[in-house]
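Q: Here you go, sequence then predicted model.
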Amino acid sequence: MPRAIDSLRRQLVLLIVAALAVAQTISLWLFVDERGLAVRAALGFEAAGRAANVALLLEEAPQSLQQAILRAANSPLVRFDLSDIPAVDHASHADGGAVEARVRGLLGGTKEREIRVELHEVDHGILPMPHLAPEMAEMHLAMMRGELSAIEMQLSIALMDGQWLNVGTRFERPPLQWPWASFVSFGITAAIILITAFWFLLTRLTGPLLLISRAADKLGRGEAVDPLPLIGPSEVRSLTQAFNMMQARLTRFVTDRTRLLAALGHDLRSPLTAMRVRAEMVEEDETRESLIASVEEMQEMVDATLAFARGMASTEAYETIELGAYLKQLQFDMIDGFTLDAADSLWVRLRPKSVRRALRNIIENACRYGGGAEVTFRHDAEHVHVLVADNGPGIPEAELEQVFEPFFRLEKSRSRETGGTGLGLSIARTIIRAHGGEVTLANRAEGGLLVTITLPLETETQQEERNIS
């Protein structure tokens, strides 16, 4: 799905607008059809009423005035005529029942009088009624926009003197009209619904979900996150409560583990100190030096273990830093220098001291075992990749992942004799993973080892916060 409509908020807005548009279109169509039916019914009843009144006048007036009454009653749309035979040669069908009932009611309601009604549709493309004047016919055609779908009505009323009053009329179906009021009503309705929907989405649904998303991202980076407020619908509140409980459990687990390691290191230091004092009292030089070396080795392992624990649960605050300047400062501070290509300007959010320690461990390994380090970085849409390359012998493929295990040491060039306790890469990966990143190793085709350190780029929200501050 395109990113433009990928968010829940945009999808719901599009759904609401589409549903409103469909509902409004159906309503307008029904309204237009109802309007057409009402207009046709009104015209039919008006013609029926005129026919009944003319019939009454003809029956009450002398025969000499009948033609004058007919001439006065005629109009461009309704024609009256007296004849000895009815124009409608059959009884009224169901469609004309309402017209017949209206005429009969105006004539006194008697059932003896014969009234015949015929209604039928006229094909499309007809001209206006033939007795219209040319000017009126042209105006009528223009008014109807060339769409003359008409209903023609023939009405025959039996008079008391035996003659038939024949009435002919035609009323066109009104063309489709889309009143501006309907569009205004649609716009107002849509605006009210969208404003209400946005308020609900922002405050009750997507707002709390966005808070959970940001808190989960911070938690994945190792940042301290305060418990989230329980707001929104019950499902969102349940999700928020589950997140708060998960965060509390994870924090408690890491804290207990760190406290255990710290207590262990503290408890070991006392006997190690005592052993060092007693070793100093040994008179034989070779034995004394051997004991002191063993004690120092144990002390180094204890310190490394504590450092490893601190890397897992650091309380250092996060900062937003410019990566190029950060690496240049690290290059200046390190005794074992490395080459740096920092052309781009990238902002990342991290714990400066912790990441500095991780980078230092990796770069020192490259300088010590690979004959020097070349540091560069590149980025994609969401991550920055710091690349540390050396020209050493590399690492066997089977051990590329194993070297990250605590206290694991390569048996040859990276043995204890050349220094190290086997915790440097473990500490580095622990720190980087706590930032939501990753550390991977790969042997280069041209020789040497390539270490790729991946860190998340600064998010849009973090950019806004940095710009404001």
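A: That came through, no problem.
Q: if I look at the residue of the chain most remote from its centre, how far off is S83?
A: Centroid-distance maximum for the chain: S64 at 82.6 Å, with Cα atoms, centre = their mean. Between S64 and S83 the computed distance is 18 Å (Cβ to Cβ, to the nearest Å). C-beta coordinates here come from the backbone N, C-alpha and C atoms, glycine included.
Q: With T206 instead?
A: For T206, the distance to S83 equals 77 Å [Cβ to Cβ].
Q: So for these two, which residue has more residues nearby?
A: The neighbour count for T206 versus S83, taken as other Cβ atoms under 10 Å, is higher for T206 (19 against 11).
Q: Helices of the stretch 301-450 of the chain, residue ranges please.
A: If DSSP state H, counting those that start in this stretch is used as the criterion, the helices of the stretch 301-450 of the chain fall at 323-333, 352-370, 424-434.
Q: Name the stretch among those that sits most buried.
A: Most buried of the helices of the stretch 301-450 of the chain by mean neighbour count (mean count of other Cβ atoms under 10 Å) is helix 424-434; its value is a mean of 23.
Q: roughly how far is that one from the heart of the chain?
A: 36 Å (Cα atoms, centre = their mean, to the nearest Å).
Q: counting contacts, what elements does it pack onto?
A: Here helix 424-434 touches helix 285-312, helix 352-370, strand 438-443, strand 449-456, going by 3 or more Cβ pairs under 8 Å, 6 or more residues apart in numbering; DSSP states H and E.
Q: neighbouring contacts of the shortest one?
A: Okay, so that is strand 438-443. Outside of strand 438-443, the residues within contact range by Cβ atoms under 8 Å, 6 or more residues apart in numbering are 358, 362, 394-395, 397, 400-401, 403-404, 425, 428-429, 432-433, 449-454.
Q: if you set the cut-off to 10 Å instead, what comes out?
A: Residues outside strand 438-443 that contact it (Cβ atoms under 10 Å, 6 or more residues apart in numbering): 358, 362, 383, 385-386, 388-389, 393-397, 399-401, 403-404, 425, 428-433, 449-455.
Q: Just the buried subset of those residues, please.
A: Neighbour counting by 16 or more other Cβ atoms under 10 Å classes 358, 362, 385-386, 388-389, 393-395, 403-404, 425, 428-433, 449-455 among those as buried.
Q: got a list of what the residue nearest to F45 when sequence neighbours are not counted touches?
A: Nearest residue to F45, sequence neighbours excluded (Cβ to Cβ, 6 or more residues apart in numbering): R102, at 5.7 Å. Each residue near R102 by Cβ under 10 Å, 6+ apart is listed here: G44, F45, E46, A47, A48, G49, A51, A52, I115, V117.
Q: The helix or strand harbouring F253 - contacts with which helices or strands?
A: Using DSSP states H and E, F253 sits in helix 234-280. Using 3 or more Cβ pairs under 10 Å, 6 or more residues apart in numbering; DSSP states H and E, the elements in contact with helix 234-280 are helix 206-221, helix 285-312.
Q: State the distance from E364 to E399.
A: 19 Å.
Q: Export the helices of the stretch 301-450 of the chain as a markdown table, with columns for mean pLDDT.
A: Output for the helices of the stretch 301-450 of the chain, formatted as a markdown table (pLDDT from 0 to 100):
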| stretch | mean pLDDT |
| --- | --- |
| helix 323-333 | 90 |
| helix 352-370 | 88 |
| helix 424-434 | 85 |
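Q: could the ones you listed go into a markdown table alongside distance to P229?
A: Below are these laid out as a markdown table (distance: least, Cβ to Cβ, whole Å):
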| stretch | distance to P229 |
| --- | --- |
| helix 323-333 | 34 |
| helix 352-370 | 30 |
| helix 424-434 | 26 |
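Q: These: which one's closest to A248?
A: Closest approach to A248 among the helices of the stretch 301-450 of the chain (Cβ to Cβ): helix 424-434, 17.9 Å.
Q: The closest one vs strand 438-443, what angle?
A: Interaxial angle, helix 424-434 versus strand 438-443 (axes from the mean of the first three to the mean of the last three Cα atoms, to 10 degrees): 140 degrees.
Q: CA atoms only for helix 424-434, dumped as PDB, please.
A: C-alpha atoms of helix 424-434 as PDB (Å, rounded to 0.1, in the frame of the first residue of the first chain):
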ATOM      1  CA  GLY A 424      35.200  -6.600  23.900                       C
ATOM      2  CA  LEU A 425      32.900  -7.600  21.000                       C
ATOM      3  CA  SER A 426      30.200  -8.800  23.400                       C
ATOM      4  CA  ILE A 427      30.100  -5.500  25.200                       C
ATOM      5  CA  ALA A 428      30.100  -3.600  21.800                       C
ATOM      6  CA  ARG A 429      27.200  -5.700  20.400                       C
ATOM      7  CA  THR A 430      25.300  -5.400  23.700                       C
ATOM      8  CA  ILE A 431      25.600  -1.600  23.700                       C
ATOM      9  CA  ILE A 432      24.600  -1.200  20.000                       C
ATOM     10  CA  ARG A 433      21.700  -3.600  20.300                       C
ATOM     11  CA  ALA A 434      20.500  -1.500  23.300                       C
END
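Q: angle of it against helix 234-280?
A: Inter-element angle recorded for helix 424-434 and helix 234-280: 160 degrees (by the same axes, to 10 degrees).
Q: by how many degrees do helix 424-434 and strand 449-456 diverge?
A: Here helix 424-434 runs at an angle of 20 degrees relative to strand 449-456 (the same axes, to 10 degrees).
Q: If you compare the directions of helix 424-434 and helix 352-370, what angle comes out?
A: Going by the same axes, to 10 degrees, helix 424-434 makes 140 degrees with helix 352-370.
Q: Quick one: the helices and strands packed on helix 234-280 as TSV, columns for mean pLDDT and distance to Q154 too.
A: Shown next, in TSV, are those (pLDDT from 0 to 100; distance: least, Cβ to Cβ, whole Å):
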stretch	mean pLDDT	distance to Q154
helix 206-221	81	65
helix 285-312	74	97
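Q: With distance to A274 as added columns, please give the ones you listed in CSV.
A: Listed next are the helices and strands packed on helix 234-280 as CSV, based on distance: least, Cβ to Cβ, whole Å:
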stretch, distance to A274
helix 206-221, 42
helix 285-312, 10
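Q: Quick check: which ranges of the stretch 1-150 of the chain have low pLDDT?
A: Filtered on pLDDT under 70, the stretch 1-150 of the chain yields the residue ranges 1-9, 28-43, 92-96, 122-150.
Q: Swap in 90 and give it another go.
A: Along the stretch 1-150 of the chain, the model assigns pLDDT under 90 to residues 1-67, 69-79, 83-84, 86-150.
Q: all helices of it, in order?
A: Using DSSP H, counting those that start in this stretch, helices in the stretch 1-150 of the chain cover 8-60, 66-73, 97-106, 134-143.
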